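**Q** Requesting a structural model of the entry that follows:
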Amino acid sequence: MVYKTIVLPYQPKAMKMAGAIEKKANEMAREGWELATFSITLSAKAILIFRRNENTDAE
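**A** Predicted coordinates for the structure are as follows:
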């Protein structure tokens, strides 16, 4: 497995945060990444962790 971490910018509203996470998760899924987990920080940013198998790694 390989992992990739992305930090989403400040989103103070829950619905906007959820939309931003969904948008990024769908974008990354098209590139072969699966959202493994995420965390919301106290500063209203989201840390998303994606994973995919090494044999599909295009980087």
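**Q** And the pLDDT at residue 53?
**A** On pLDDT, residue 53 comes in at 89.
**Q** and the most centrally placed residue in the chain, what are its bridge partners?
**A** Nearest residue to the geometric centre of the chain (C-alpha atoms, centre = their mean): residue 48, 3.4 Å. For residue 48, the beta-bridge partners are residue 6, residue 38 (DSSP bridges).
**Q** Can you check the pLDDT for it?
**A** pLDDT, read off for residue 48, is 98.
**Q** Name all residues that make contact with it.
**A** Contact analysis of residue 48 by C-beta atoms under 8 Å, 6 or more residues apart in numbering lists 5, 6, 7, 8, 21, 24, 25, 28, 35, 38. In short, each C-beta sits where N, CA and C put it, glycine included.
**Q** Could you verify my assumption that the third one touches residue 49?
**A** No: Residue 7 lies out of contact with residue 49 (C-beta atoms under 8 Å); the separation is 10.5 Å.
**Q** Tell me which of the two has more neighbours.
**A** residue 49 (15 against 9; other C-beta atoms under 10 Å).
**Q** From residue 30, how far off is residue 45?
**A** 23 Å (C-beta to C-beta, to the nearest Å).
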